[in-house]
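Peer 1: A predicted structure for the sequence below; I have some questions about it.
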Amino acid sequence: MALIIAGERSGVGKTTVTLTLLASLRRRDRLVQSFKVGPDYIDPMFHQHVTGLPCRNLDPVLTSETYVQQCFARHSQLSEYALVEGVMGLFDGVSSFAKNKGQINDFASTAHIARLLDLPVVLVIDCSRLSGSVAAIAHGYQSFDPRIKIAGVVLNRVGSDRHLSLLKDSLEPLQLSILGVLRRQDNITIPDRHLGLVPTAELPELNALIDRLADLGDSCFDWQHLLPLLKSEPFPHPPSLLHPPSSIKIAVARDRAFNFYYQDNLDLLQQLGAELVFWSPLEDAGLPKDIQGMYFGGGFPEVFAQQLAENTSVRDGVKTAIMKGIPAIAECGGLMYLCEQIIDFEGKSWSMAGVLPTSAVMSGRLTLGYRRAVALQDNLLVKAGTTVYGHEFHRSHLTLTPTQPLFKTSRYDCDENMGCEGWGFPANVHASYVHLHWGESREIPQQFLKECVKVAF
């Protein structure tokens with residue numbers, strides 16, 4: 001079965017409710033597989049911290065509807081319970097212009113995923129500024145799309161017993177189960193900054209927070225009704241992919257500065273024969289030995305720019321390795337690290353690896369959205385003319401754009417031109433602001449590893 005946690009809009013507490021459920025299940029020693037709708041990296045970090053299992057992204061824009069179904073089936077089989085955290089409001093998606101001939105709908109929304117997987121939905125409602133109106137909200141979501149089964153509601157940010165009584169009285173005519181009640185919490189706060197929540201590796205008090213969430217979960221949910229809904233059931237799925245013997249060493253930068261990776265991408269590299277060697281551009285004295293490729297994911301290099309700049313042996317080592325021909329993928333934060341400098345929000349300049357003849361400048365302007373990107377030239381990952389679908393999410397821009405960019409980009413849901421971007425010089429570098437999920441594009445990691453094999457130790 002499994003269950004989807006959805007919100008009536010953004011900011012209603014979906015992540016808090018999800019983490020509370022996961023923390024309470026883990027305290028009961030239940031094995032639970034979590035999923036996240038959409039392209040987000042940070043919420044899945046919190047899921048994994050609680051469950052001990054990598055959270056899987058379910059995103060039909062970055063992959064496909066079929067991949068979403070296969071991914072869910074494959075991984076939900078491995079645990080006793082399965083839980084999906086939604087994105088934004090239940091019906092908030094994008095138009096399907098790019099893949100469905102201009103039809104406008106709720107493609108990639110939480111509701112879309114619920115229909116694809118045939119899963120019931122628990123609706124989280126922020127009750128902090130309403131009482132009787134809760135019934136109109138619940139009724140609207142319950143009746144808007146008859147294909148969506150609303151299993152019940154979780155009332156969040158309830159102020160008092162009197163407030164709860166008013167909410168219950170209002171909801172009673174709908175005969176809609178109240179599956180949880182969370183009171184306003186002053187001691188449960190996850191800090192955030194310019195791109196969302198602060199990642200788990202930067203929160204020394206996180207375990208104490210998770211314990212408080214587990215305490216809350218033990219008392220605030222109707223477990224008698226929730227547990228059967230969360231229970232995983234047999235689901236037809238393709239056989240698990242076996243890992244061939246590892247023969248290609250790939251250095252994957254993973255620390256507080258670089259931690260935005262889709263687990264499926266890392267799995268694909270291993271399934272195709274790569275040995276992943278995780279290392280830290282912040283803490284290590286140099287690159288891992290005998291590597292044949294490098295992968296720099298996104299993250300927050302601007303927050304740790306001084307520490308990255310001071311680690312000159314690593315910066316020099318990265319540049320030397322790339323100039324010697326070692327292939328390197330650098331997405332968003334990784335791209336920034338390969339620049340000459342990062343100029344932070346205070347205007348301070350910090351030297352980076354110096355592979356790309358440009359600097360990354362932080363600003364208040366947010367670049368956000370799905371992209372349809374067409375390769376303008378053969379490059380490390382794809383051939384000229386190939387179309388890929390990705391996602392941008394950053395508050396930096398480059399001082400110099402490449403003369404021969406990797407991609408011409410447009411919005412996913414229309415033909416609005418978003419400009420050309422991406423560095424493919426040197427030819428063994430693929431540096432781009434566009435994050436890619438390789439689940440439906442195995443040829444991307446295959447092409448990368450093909451180039452890595454050419455590197456001699």
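Peer 2: Perfect, thanks for sending it. If you're wondering where the values come from, they're calculated on a predicted model, not measured in any experiment.
Peer 1: CA atoms for contacts and neighbours, from now on please.
Peer 2: Will do.
Peer 1: Quick one: residues in contact with the lowest-mean-pLDDT helix or strand in the chain.
Peer 2: Every helix and strand of the chain was ranked by mean pLDDT, DSSP states H and E. The lowest is strand 192-193, at a mean of 78. Here strand 192-193 makes contact (Cα atoms under 8 Å, 6 or more residues apart in numbering) with V198.
Peer 1: partners of that strand in the sheet?
Peer 2: strand 196-197 (antiparallel) (DSSP bridges).
Peer 1: Show the pLDDT at the closest residue to Q185 other than its chain neighbours.
Peer 2: Leaving aside its chain neighbours, Q185 sits nearest to R157 (7.3 Å; criterion: Cα to Cα, 6 or more residues apart in numbering). On pLDDT, R157 comes in at 95.
Peer 1: R157: what's it in contact with?
Peer 2: By Cα under 8 Å, 6+ apart, the residues touching R157 are 126-128, 182-185.
Peer 1: Buried by neighbour count, from those: which ones?
Peer 2: By neighbour count, with 16 or more other Cα atoms under 10 Å, these hold 126-127, 182-183 as buried.
Peer 1: quick one: which of those residues is nearest to F144?
Peer 2: D126 (19.0 Å; Cα to Cα).
Peer 1: What residues are bridge-paired with the closest one?
Peer 2: N156.
Peer 1: who's in contact with it?
Peer 2: 12-13, 155-157.
Peer 1: Select from the residues you listed the one having the most neighbours.
Peer 2: Using other Cα atoms under 10 Å as the neighbour test, the contacts of D126 are led by L155, with 26 neighbours.
Peer 1: Quick check: that one touching L176?
Peer 2: No. In this structure L155 lies outside contact range of L176 using Cα atoms under 8 Å: 11.9 Å.
Peer 1: all helices of the chain, in order?
Peer 2: Taking DSSP state H, the helices of the chain run over residues 14-27, 42-51, 65-76, 110-117, 134-144, 161-171, 206-220, 223-230, 263-271, 305-310, 312-323, 333-338, 443-453.
Peer 1: Distance of the residue lying closest to A305 once chain neighbours are set aside relative to A431?
Peer 2: Using Cα to Cα, 6+ apart and skipping residues adjacent in sequence, the residue nearest A305 is W350, 6.1 Å away. Distance of W350 to A431, computed by Cα to Cα, to the nearest Å: 19 Å.
Peer 1: Comparing those two, which shows the higher neighbour count?
Peer 2: Comparing W350 with A431 by other Cα under 10 Å, the one with more neighbours is A431, at 28 against 20.
Peer 1: Please list all residues in contact with the closest residue in space to the more buried one that isn't next to it in sequence.
Peer 2: In space, and not counting its chain neighbours, A431 is closest to A330: 4.6 Å by Cα to Cα, 6+ apart. Contacts for A330 (Cα under 8 Å, 6+ apart) come out as 295-298, 338, 429-432.
Peer 1: if we can go back for a sec, surely the residue nearest to A305 is in contact with Y337?
Peer 2: No. With contact defined as Cα under 8 Å, W350 and Y337 do not form a contacting pair (10.1 Å).
Peer 1: surely L166 meets L130?
Peer 2: No. L166 lies out of contact with L130 (Cα under 8 Å); the separation is 9.6 Å.
Peer 1: List the strands paired with the strand ranked longest in the chain, with their directions.
Peer 2: Taking DSSP state E as the criterion, the chain has its longest strand at strand 356-375. The pairing partners recorded for strand 356-375 under DSSP bridges are strand 339-343 (parallel), strand 387-398 (antiparallel), strand 407-411 (antiparallel).
Peer 1: contacting residues for the residue nearest to H49 when sequence neighbours are not counted?
Peer 2: Spatially, and ignoring its direct neighbours in sequence, H49 is nearest to T200 (7.5 Å; Cα to Cα, 6+ apart). T200 makes contact with 45-46, 49, 206, according to Cα under 8 Å, 6+ apart.
Peer 1: Many thanks, we can stop here.
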